[in-house]
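In: Sharing a model that was predicted from the sequence below.
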Amino acid sequence: MASLKLSALSVSSLRNLHHIAALITPNIKRHIYTTMAMHVELNPMKHILKENNIPEAEKRQIEKEVEELTKDWTTSGYHKTDKDEDTFGSHFIPFTLFTLGTFPLLLFFLYAPDSGLTEWSHREAFLELERRRRDGLPLVDKDLVPASQVQLPSDEDLGPDFKIIL
């Protein structure tokens, strides 16, 4: 088993350390995980390969595998080192946010209570019409509010330029 000498710049998390160890450790199926820097120039990988005692042929093979895996991939920002997780995140997270944002709002608007009280006012109007029919009163009364209770402003209060449109 090869001993690893990794700098803080080349390994940003324990997950990356696990992937790099799987890369360099012999007799284990290789899992090549890339970083954005590897995609551009393979800088962290070259640093790791320089610091460890790995045969030159093995180094070239690792670099070739990393370049092969990263040649057609640019990270979407959901994962820097794992192409599959980055692709999954770039599809799953927007889908989830859209679904969780749209579906509850749709349900709220469909099942929200009558905020304008339009249904209540229609029911009350029909009940009032039925009461007036039953009691023999006119359906619409011209004096809904008695004229004695209405106080209009005088002509002096309104001013000379005030126009009354009927």
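Out: Everything's here; your move. Because the structure is a prediction, the values reported are computed rather than measured.

In: Assign a three-state SS to the residue nearest in space to the middle of the chain, would you?
Out: Among the residues of the chain, the one closest to the centroid is residue 97, at 3.4 Å (Cα atoms, centre = their mean). Following DSSP: H, G, I helix; E, B strand; the rest coil, residue 97 is assigned to helix.

In: quick one: it from residue 86, how far?
Out: 17 Å (Cβ to Cβ, to the nearest Å). The C-beta positions use only the backbone N, C-alpha and C, and glycine is treated the same way.

In: Repeat that for residue 163.
Out: Taking Cβ to Cβ, one finds residue 163 at 70 Å from residue 86.

In: who has more neighbours, the two?
Out: Neighbours per residue (other Cβ atoms under 10 Å) separate residue 163 from residue 86, with residue 86 holding more: 19 against 5.

In: For that one, which non-adjacent residue is spatially closest?
Out: Residue nearest to residue 86 in three dimensions, not counting chain neighbours: residue 79, with 4.2 Å by Cβ to Cβ, 6 or more residues apart in numbering.

In: any residues touching the strand or helix carrying residue 130, and which ones?
Out: Using DSSP states H and E, residue 130 falls within helix 118-135. Helix 118-135 is contacted from outside by 114, 138, 139, using Cβ atoms under 8 Å, 6 or more residues apart in numbering.

In: If you average pLDDT per helix and strand, which one of the protein comes out bottom?
Out: Within the chain, confidence by mean pLDDT, DSSP states H and E is lowest for helix 36-40 among all helices and strands, at a mean of 42.

In: Now the phi/psi pair for residue 100, please.
Out: Taking degrees, to the nearest 10, you get phi -70, psi -20 for the backbone angles of residue 100.

In: Please enumerate the helices of the chain.
Out: 14-24, 36-40, 43-51, 56-70, 83-111, 118-135, 155-158 (DSSP state H).

In: got JSON lines for those, with distance to residue 146 too?
Out: What follows is the helices of the chain, written out as JSON lines (distance: least, Cβ to Cβ, whole Å):
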{"stretch": "helix 14-24", "distance to residue 146": "81"}
{"stretch": "helix 36-40", "distance to residue 146": "80"}
{"stretch": "helix 43-51", "distance to residue 146": "88"}
{"stretch": "helix 56-70", "distance to residue 146": "86"}
{"stretch": "helix 83-111", "distance to residue 146": "42"}
{"stretch": "helix 118-135", "distance to residue 146": "17"}
{"stretch": "helix 155-158", "distance to residue 146": "22"}
